[in-house]
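In: Fold the stuff below for me.
(one chain, ligands or ions: 1)
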Amino acid sequence: MTGTSGAHRVITVGTRQSSLALTQTGQVIAQLEEICERHGLPYTFQMQKIVTKGDRILDVTLSKVGGKGLFVKEIEAALMAGEIDMAVHSMKDMPYVLPQGLCNGATTKREDPRDCLIMRSGSSLQELPHGAKVGTSSLRRSCQLKNARPDLKLEWIRGNIDSRMRKLETEGFDAVVLAAAGLTRMGWQDKISALLPQDVCVPAVGQGALGIECREDDEGVRELLHLLNDADTDLAVTAERSFLGALNGGCQVPIGAYASIIGEQDGLPMLEMTGIVGTPDGTVMLKEIKCGTDPTALGKDVAEALKAEGAEDILAQYGG
Ligand SMILES: NCc1[nH]cc(CCC(=O)O)c1CC(=O)O
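Out: Coordinates of the predicted model:
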């Protein structure tokens, strides 16, 4: 099982079975097949579906039942048991701490990181009528939308992106908020009514990128995934995840962050990062923007700056 030579190996790729997860995994496998072709690597791929606890309880607010970790526990157990060799995750659903023996083997090139509105009619946030009913299942999105438009009625919707879009019709929402990246990957970009600019809605940490989890000691898979990794996205996501880790916010606190490369300093890519922490009702929203070349330090800096401005109190009240 060496990386660049040796016998043929079938690599089993684990995935959740939502339509988004299946689509994303299929797209990653297609990219890996192309890489193998280009580099003459003797690998083929097969998909294995895994039902997670998060998929089984779709009727409860996620943050009430233990958060996003619910979507990855079973997948990580399958990785550690050797039943699968890699797992494709939306980076924003990847837990901050990975279990011993597992690592993120690749971060894929980020798609549009923004959130968007799917509206019953109209094409901008401004066009939503006074008091409009907007569906989301994210505290981060409801905090920022309430902050921008205190008149809006934010209501909770759970479910996969297909069922959330159906609820626009069946449950009388004026709009639902989703990540543009998920819709684009599904080929549904024409459903997007309005992209929310960053000054209205800072995305979730890692939004728009995928992470491929694998075993730390699986050299063949590590070498292969290294060829898929997008260094710029990886750097930006490292900063965002450092921010998340430094806040240690739990999932009851609205937190968002977005980093991107804006130039170069002393031969190193220069990152700019925006971080927000708010209250669930959107009455308080703290924002900080900083630059730096060390992604881990930058994430911590932005977190420290926000803590000094009052995020500490918000985290104490809603976190934990
Ligand atoms: N929590 C579900 C989830 N995980 C990743 C995406 C979108 C794709 C991405 O951010 O990469 C979605 C759906 C959504 O939030 O609209």
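In: The spatially closest residue to Gln189 that is not a sequence neighbour: what's it in contact with?
Out: Excluding the flanking residues, the one nearest Gln189 by CB to CB, 6 or more residues apart in numbering is Leu183, at 5.8 Å. For every residue, glycine as well, the C-beta is placed using N, CA and C. Contact analysis of Leu183 by CB atoms under 8 Å, 6 or more residues apart in numbering lists 116, 161, 189, 191-192.
In: Point out the residues in the stretch 1-150 of the chain that sit beside the ligand.
Out: 90, 92-93 (CB under 6 Å from any ligand atom).
In: Measure how far the strand or helix carrying Glu37 is from the centre of its chain, please.
Out: If you go by DSSP states H and E, Glu37 is part of helix 19-39. Offset of helix 19-39 from its chain centre (CA atoms, centre = their mean, to the nearest Å): 18 Å.
In: who touches the helix or strand following it?
Out: The C-terminal neighbour of helix 19-39 among helices and strands, as given by DSSP H and E, is strand 43-49. For strand 43-49, contacts defined as CB under 8 Å, 6+ apart pick out 8-17, 22, 25-26, 29, 32-33, 36, 78, 83-84, 220, 224.
In: Show me which residues of the next helix or strand after strand 43-49 are buried.
Out: Heading C-terminal from strand 43-49, the first helix or strand you meet, by DSSP H and E, is helix 53-56. The neighbour-count check on helix 53-56 (16 or more other CB atoms under 10 Å) flags 54-55 as buried.
In: Extract the C-alpha set from helix 53-56 and format it as CSV.
Out: What follows is helix 53-56, C-alpha atoms only, in CSV (Å, rounded to 0.1, in the frame of the first residue of the first chain):
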residue,chain,number,x,y,z
LYS,A,53,-27.2,10.0,14.4
GLY,A,54,-27.7,13.5,13.1
ASP,A,55,-29.5,12.1,10.0
ARG,A,56,-31.8,10.0,12.3
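In: Closest one of the residues of the stretch 1-150 of the chain next to the ligand to Glu216?
Out: Asp93 (20.3 Å; CB to CB).
In: so what's Thr2 scoring on pLDDT?
Out: On the pLDDT scale, Thr2 is placed at 45.
In: now do Gly249
Out: pLDDT, Gly249: 70.
In: so Tyr262 touches Met273, yeah?
Out: Residue 262: Ile, not Tyr. No - Ile262 lies out of contact with Met273 (CB atoms under 8 Å); the separation is 9.9 Å.
In: so how far is Val284 from Pro197?
Out: 21 Å (CB to CB, to the nearest Å).
In: And the two? Which one has more around it.
Out: Set Pro197 next to Val284 and count neighbours by other CB atoms under 10 Å: Val284 wins out with 16 against 11.
In: tell me, what residue is most central in this protein?
Out: Lys92 (2.0 Å; CA atoms, centre = their mean).
In: which SS state does the residue in the stretch 101-250 of the chain that the ligand sits nearest to fall under?
Out: Residue of the stretch 101-250 of the chain nearest the ligand, by CB to the nearest ligand atom: Gly182 (3.1 Å). Three-state assignment for Gly182 (DSSP: H, G, I helix; E, B strand; the rest coil): helix.
In: Count the residues that sit near Trp188.
Out: Neighbours of Trp188 (other CB under 10 Å): 16.
In: So stretch 190-204, near the ligand or not?
Out: No - judged by CB under 6 Å from any ligand atom, stretch 190-204 makes no contact with the ligand; its nearest approach is 6.7 Å.
In: May I see the buried residues of that stretch?
Out: 192-196, 198, 200-204.
In: any idea how the protein splits into domains?
Out: 9-108+209-229, 115-195, 236-318 (automatic domain parsing).
In: Got a ChimeraX select line for the buried ones in the contacts of strand 43-49?
Out: Selection of buried members from the contacts of strand 43-49 for ChimeraX, criterion 16+ other CB under 10 Å:
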select :9,11,12,13,14,15,16,25,26,29,32,36,78,84,220,224
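In: and the least confident of the residues of the stretch 1-150 of the chain next to the ligand?
Out: For those, the pLDDT minimum is Asp93, 88.
In: lowest-pLDDT helix or strand in this protein?
Out: helix 53-56 (a mean of 72; mean pLDDT, DSSP states H and E).
In: Counting by contacts, list what it packs against.
Out: Using 3 or more CB pairs under 8 Å, 6 or more residues apart in numbering; DSSP states H and E as the contact test, no helix or strand touches helix 53-56.
In: for the next helix or strand after that helix, which positions count as buried?
Out: Per DSSP H and E, the first helix or strand lying C-terminal to helix 53-56 is helix 73-80. For helix 73-80, a neighbour-count test (16+ other CB under 10 Å) marks 74-76, 78-79 as buried.
In: With respect to the ligand, which of the residues you listed is nearest?
Out: Distances from the ligand to those, taken by CB to the nearest ligand atom, are shortest for Ile75, at 13.8 Å.
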